[in-house]
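Colleague: curious how this folds, go ahead:
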Amino acid sequence: MKKAVNIGLVGCGNVGRGVINVLERNRRIIEQKIGAEIKIGGVCDVKNLSLKGYSYTRNYKELINNPGIDIIIELIGGYEPARTIILESLKAGKNVVTANKAVLAKYWDEIFSAARKYKKLVYFEASVAGAIPVIQALNEGLAANRIEKISGILNGTTNYVLSEMTRSGVSFNVALNLAKSAGFAEANPTYDIEGLDTAHKLAILSSLAWATCIRLKDISIAGIKGVSEEDVFFTKHEFGYVIKLIGSAQMIDNSLDLRVEPCLVRKDHTFASVEREYNAVLMRGDSSGDVILYGKGAGQFPAASAVVSDIIFLGMQVVNGTAGKDPFVVYDPDKKIKLLPKGKREASYYLRFTAADRPGVLSKVSGVLAKNKISIASVYQKEPLIGMRKGVPILMLIHRVQEGNLLKALKEIDRLGIIKEKSVKYRIED
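Modeller: Numbers count the residues shown, from 1 in each chain. Below you'll find the predicted structure:
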């Protein structure tokens, strides 16, 4: 048995420094769990960074080619050179820990084919939902189940924005600026607010759950930029719902439906109480039923907690000489999964029409819905709120309908002369 596990840390930014801090602060309990000493054999960062007590380099190849290093920790983010670092590490006989959701989502097939080829392991707990052990729960705790559904709040920036809009009644732009001031949104938050970050995480969870390779093009993606304070107000006060950006993967008639979109959740739903930078993930197994995990989805120490957890579990295998003998991820590159055709998913919806204030408007709208076999559950016709859009809002909840039929009806309604703005729809999360 090895007496020490040596790691090479590539990327010493916010999370990298957090990893060093956690390793040093909790060294005794970490080494007890591994059964050996843990050593940082080298640190690579492109910045002029000096770390006392550690071997420092700007060339990651020095760590990969160092025969004394057992595990490479990739924390630089982005696609390249992260992809190259991971693949070269595996080829050189190193196991890998990464927090990089983007590279995993885009190169899942290549990375895990290489891991299988070279009989090495890639751990990635920190890539989804920060400190929440969702990868371990899905891959190990629920291993006996056929996974039927995964859904969750997977992005702290968008959840912070929507939380502020719900709590304070402010506009999207005001809420986004508050998120920036609080340090929960980047200067350029496009990646988050357009739903791409959530989509990357959903791709990882889905690939893991269904032992396949889910790509971004397989996911229907809509962000939160179009969410208005009007709909936040109406859905909350008239219907008792909260708007959240939900990443959802669900098996429907042996086909997988994948989407990222703002949805309505009931006020008594667990997701409704998940605020600001917190995340929550629901996983439904055929035997387990619903399992929900909640916690901090981002930040230096939540991410570092997940990275060090991976180091511990990989380190245990390195010490015992078993790392790579069995795969961590079950992946068959030849397996193809059937995707649900666009527009075939059935769900209930919230609708808002902005119409001219004249008699017969509601009957015309209802007539188009009825023609498309869409049944109305509730309807409210409200006076326009001060400072909001012109026209009279007509609010509806509709019973379960096939999405394609709804889109067809809304397109027809939007062509009516009485409609002043494009109709709004939000799916109601089950």
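
Colleague: who touches stretch 216-227?
Modeller: The contact list for stretch 216-227, computed with C-beta atoms under 8 Å, 6 or more residues apart in numbering, reads 105-106, 158, 161-162, 165, 172, 193-196, 199-200, 202-203, 243, 245, 258-262, 339, 342. In this view, the C-beta of every residue, glycine as well, is placed from N, C-alpha and C.

Colleague: among these, which ones are in helices?
Modeller: Taking DSSP state H as the definition of helices, the contacts of stretch 216-227 contribute 105-106, 158, 161-162, 165, 172, 193, 196, 199-200, 202-203.

Colleague: what is the nearest of those to residue 228?
Modeller: Using C-beta to C-beta, residue 172 comes nearest to residue 228 of those, at 7.1 Å.

Colleague: so the residue lying closest to that closest one once chain neighbours are set aside, which state does it fall into?
Modeller: Among residues not flanking residue 172 along the chain, residue 227 sits closest, at 6.0 Å (C-beta to C-beta, 6 or more residues apart in numbering). Here residue 227 is coil, with the state taken from DSSP: H, G, I helix; E, B strand; the rest coil.

Colleague: list only buried entries from the contacts of stretch 216-227.
Modeller: Listed as buried from the contacts of stretch 216-227 are 105-106, 158, 161-162, 165, 172, 193-196, 199-200, 202-203, 243, 245, 258-262; burial here means 16 or more other C-beta atoms under 10 Å.

Colleague: now the helices for the stretch 201-350 of the chain?
Modeller: Counting by DSSP state H, counting those that start in this stretch, one finds helices in the stretch 201-350 of the chain at the ranges 229-237, 300-320.

Colleague: deepest of these, which one?
Modeller: The highest mean neighbour count among those, using mean count of other C-beta atoms under 10 Å, belongs to helix 300-320: a mean of 22.

Colleague: below-threshold pLDDT in the stretch 151-300 of the chain: ranges please.
Modeller: Of all residues in the stretch 151-300 of the chain, none has pLDDT under 70.

Colleague: what segments of it are strands?
Modeller: Counting by DSSP state E, counting those that start in this stretch, one finds strands in the stretch 151-300 of the chain at the ranges 220-221, 241-252, 255-266, 278-285, 289-296.

Colleague: mind putting these into CSV with distance to residue 376?
Modeller: Formatted as CSV, the strands of the stretch 151-300 of the chain follow (distance: least, C-beta to C-beta, whole Å):
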stretch, distance to residue 376
strand 220-221, 25
strand 241-252, 17
strand 255-266, 16
strand 278-285, 29
strand 289-296, 29
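
Colleague: residue 14 is nearest to which of those?
Modeller: That would be strand 289-296 among these, by C-beta to C-beta, at 14.1 Å.

Colleague: tilt between the closest one and helix 300-320?
Modeller: With axes from the mean of the first three to the mean of the last three C-alpha atoms, to 10 degrees defining the directions, strand 289-296 sits at 120 degrees from helix 300-320.

Colleague: what residues of strand 289-296 count as buried?
Modeller: 291, 293, 294, 295, 296.

Colleague: closest one of the residues you listed to residue 317?
Modeller: Comparing the buried residues of strand 289-296 against residue 317 with C-beta to C-beta places residue 293 closest, at 24.2 Å.

Colleague: thought that closest one was touching residue 138?
Modeller: No: proximity of residue 293 to residue 138 does not meet the contact threshold set by C-beta atoms under 8 Å, at 9.6 Å.

Colleague: shared neighbours, those two?
Modeller: Common contacts of residue 293 and residue 138 (C-beta under 8 Å, 6+ apart): residue 283.

Colleague: quick revisit: tell me which of the helices of the stretch 201-350 of the chain lies nearest to residue 414.
Modeller: Smallest distance to residue 414 across the helices of the stretch 201-350 of the chain (C-beta to C-beta): 16.5 Å, for helix 229-237.
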